[in-house]
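Visitor: The sequence isn't on hand, but the structure is:
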């Protein structure tokens with residue numbers, strides 16, 4: 001195993017935000033993909049509803065927003081007890097737009113299951129999500145269900161969740177849904193009655209004592225008893241968009257938003273002069289054709305080059321970790337580069 005570059009000076013710890021308790025986090029530039037700072041970014045943790053970003057990236061392009069679907073009892077079967085729900089009911093006809101509002105605003109597992117059944121079923125959707133994760137080179141992720149609930153083996157990482165957000169925000173529909181604060185949701189099959197739903201992203205709405213973040217454009221929050229709080233947020237200032245993912249801070253429902261806000265502030269401030277510590281991978285499907293890919297097919301990396309994905313991810317990870325290019329995680333677990341710095345990447349053993 002060889003490093004791609006020598007390890008050099010890191011930014012002094014004082015330059016980073018104070019009181020960061022998250023088990024993993026990452027700050028990246030949306031447009032360039034440059035990673036400005038990270039802490040255990042490839043640590044595999046329970047993602048909670050932030051995994052719905054991958055669900056949306058996978059399924060959202062398949063149905064037009066005005067398409068209508070009458071929900072059946074079968075569509076709602078198998079939703080885990082304790083799930084967050086938006087209030088989807090059998091017998092009511094919903095537009096696809098309304099179902100996605102239920103997913104993005106309320107993290108409704110009922111809306112997720114209906115869309116998954118429209119997509120061919122839970123098993124097929126899970127397989128497609130795993131394939132999409134591999135294509136995005138999000139190789140820390142293992143999908144067990146489309147909703148992000150605490151199923152055995154359901155794992156992702158700050159790096160992978162940031163990949164999902166970056167890819168999703170490139171689509172107008174995804175971007176619009178995650179930025180929506182409130183929407184009217186059908187309450188009955190007759191009479192056109194509705195009730196209002198509000199986005200659970202506290203940095204977007206300013207709820208529960210959290211101050212709204214200037215320039216925030218989404219993306220997705222999550223909570224389960226196993227995962228604790230997770231959040232990926234994106235904000236734009238002066239034409240620059242940053243992505244921040246925070247996973248499993250020590251305490252409190254607001255900590256994940258407060259630490260995200262501090263990392264965004266750092267990225268727009270001191271971090272704007274930091275050299276990148278790495279770069280978010282581009283999708284395999286968007287790679288330029290290469291005659292030396294090793295597969296015999298132009299433009300496709302070999303499985304060894306991409307790392308273990310798909311079903312292999314369920315069994316665990318190799319000694320080198322699941323990602324083809326990993327942030328080097330030192331004793332402190334944190335890397336943020338000064339203006340003259342660079343950091344080591346390590347590559348999977350072929």
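Guide: Done, it's in. Since the structure is predicted, the reported quantities are computational estimates derived from the model, not experimental observations.

Visitor: Okay, helices next: where are they in the protein?
Guide: With DSSP state H, the ranges of helices along the chain come out as 52-59, 96-106, 109-118, 122-135, 158-169, 172-178, 202-205, 255-268, 303-306, 312-315.

Visitor: And the ones you listed, which one averages the lowest pLDDT?
Guide: When those are compared by mean pLDDT, helix 312-315 comes last with a mean of 31.

Visitor: picking that back up, Serialize the helices of the chain to TSV and add fields for distance to residue 40 and mean neighbour count.
Guide: Backbone N, C-alpha and C define where each C-beta goes, glycine included. Putting those into TSV (distance: least, C-beta to C-beta, whole Å; neighbours: other C-beta atoms under 10 Å) gives the following:
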stretch	distance to residue 40	mean neighbour count
helix 52-59	20	27
helix 96-106	27	25
helix 109-118	28	25
helix 122-135	19	19
helix 158-169	7	28
helix 172-178	25	19
helix 202-205	22	22
helix 255-268	14	23
helix 303-306	22	15
helix 312-315	18	16
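
Visitor: closest to residue 143 out of those helices?
Guide: helix 122-135 (4.6 Å; C-beta to C-beta).

Visitor: Give me the residues contacting that closest one.
Guide: Applying C-beta atoms under 8 Å, 6 or more residues apart in numbering, the contact partners of helix 122-135 are 54-55, 57-59, 78, 113, 116, 119, 139, 141-146, 160, 283-285, 306, 309-311, 313.

Visitor: how much space is there between residue 77 and residue 23?
Guide: Applying C-beta to C-beta, to the nearest Å, the value for residue 77 to residue 23 is 34 Å.

Visitor: Comparing those two, which residue is more hemmed in?
Guide: For residue 77 versus residue 23, the count of surrounding residues by other C-beta atoms under 10 Å is larger for residue 23: 17 against 11.

Visitor: Let me see the ranges of the strands in the stretch 201-350 of the chain.
Guide: In the stretch 201-350 of the chain, the strands defined using DSSP state E, counting those that start in this stretch lie at 216-224, 228-237, 240-247, 278-279, 325-327, 334-336, 345-347.

Visitor: now do the stretch 1-150 of the chain
Guide: Under DSSP E, counting those that start in this stretch, the stretch 1-150 of the chain gives strands at 24-29, 34-39, 68-70, 93-95.

Visitor: okay, the ones you listed, which one's buried deepest?
Guide: strand 24-29 (a mean of 27; mean count of other C-beta atoms under 10 Å).

Visitor: one step back: let me have the strands of the stretch 1-150 of the chain in CSV, adding mean pLDDT and distance to residue 200 as columns.
Guide: CSV is the format used below for the strands of the stretch 1-150 of the chain (pLDDT from 0 to 100; distance: least, C-beta to C-beta, whole Å):
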stretch, mean pLDDT, distance to residue 200
strand 24-29, 97, 20
strand 34-39, 95, 25
strand 68-70, 97, 24
strand 93-95, 97, 20
